[in-house]
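> 3D, please:
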Amino acid sequence: MGNALRLGILPFIIATSAVLLVGLTLCTAFFGVFPDGIQRSAHLLLVLFLVFAMAFQATFDSTDTAQGGLKVNANSVLIIAALSGGAIATGHQLFNFDAINNRYGSITSFEIVLGAMIVVALFDACRRTNGWPIVILASLFICYGLFGAPA
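Residues are numbered from 1 along each chain as shown. Here you go, the predicted model:
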């Protein structure tokens, strides 16, 4: 299963996500944009799939998978957890856009949890692609928004 995952399934997921992301971007460039919540959610979902699938593929050790074994470590479990949280949060926004939009800013406690999940997933994706500086800067901006100067 490890070799099939490393050599077949993950490259297919990465390539499919990349093609879908390019297709979605070109579709919106040529035919007009979707509503903002759908546009952001779809792009973010595809980018998260790309980042975490590539990160998961990098966790494989070629000597372990040569025998066909799949070695699960803490890093791969964190990648799967971050991808799952990000996919659930963006999927909620994507599929429930009309209901969320009709509430005019009323946020449920479930959506606060989903918001925290997407922030954690985004911080992890940013850390994996750009490093710690962007995560620290984004954290400072969030802390300033929460605890900074009053309006």
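
> Any stretches of this protein with poor pLDDT?
1-7, 61-71, 151 (pLDDT under 70).

> Residue nearest the middle of it, spatially speaking?
Leu48 (2.7 Å; C-alpha atoms, centre = their mean).

> The helix or strand encompassing it: which residues count as buried?
Per DSSP states H and E, Leu48 falls inside helix 36-58. For helix 36-58, a neighbour-count test (16 or more other C-beta atoms under 10 Å) marks 38-39, 41-42, 44-57 as buried. No exception for glycine: its C-beta is placed from N, CA and C like everyone else's.

> hmm, back to that, mind checking how far the residue nearest to the centre of the chain is from Ala149?
Shown here: Leu48 relative to Ala149, a distance of 33 Å by C-beta to C-beta, to the nearest Å.

> One more: Phe12?
From Phe12 to Ala149 the distance is 49 Å (C-beta to C-beta).

> who's more crowded, those two?
Phe12 (11 against 5; other C-beta atoms under 10 Å).

> which residues does that one contact?
By C-beta atoms under 8 Å, 6 or more residues apart in numbering, the contact list for Phe12 is empty.

> backbone phi and psi for Arg127, please?
Backbone torsions of Arg127, given as degrees, to the nearest 10, read phi -60, psi -40.

> That one - how many residues pack around it?
15.

> Spatially nearest residue to it, not counting backbone neighbours?
Val135 (5.0 Å; C-beta to C-beta, 6 or more residues apart in numbering).

> neighbours around that neighbour, how many?
Neighbours around Val135, by other C-beta under 10 Å: 17.

> Output the helix or strand containing it as CSV, restricted to C-alpha atoms.
Element membership for Val135 (DSSP H and E) is helix 132-147. Provided in CSV are the C-alpha atoms of helix 132-147 (Å, rounded to 0.1, in the frame of the first residue of the first chain):
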residue,chain,number,x,y,z
TRP,A,132,7.9,30.8,10.2
PRO,A,133,8.2,34.5,9.4
ILE,A,134,4.8,34.7,7.6
VAL,A,135,3.2,32.7,10.4
ILE,A,136,4.6,35.0,13.1
LEU,A,137,3.6,38.1,11.2
ALA,A,138,0.0,36.8,10.7
SER,A,139,-0.1,35.9,14.4
LEU,A,140,0.9,39.4,15.3
PHE,A,141,-1.9,40.9,13.1
ILE,A,142,-4.5,38.6,14.6
CYS,A,143,-3.4,39.4,18.1
TYR,A,144,-3.5,43.1,17.2
GLY,A,145,-7.0,42.7,15.8
LEU,A,146,-8.1,40.9,19.0
PHE,A,147,-6.3,42.8,21.7
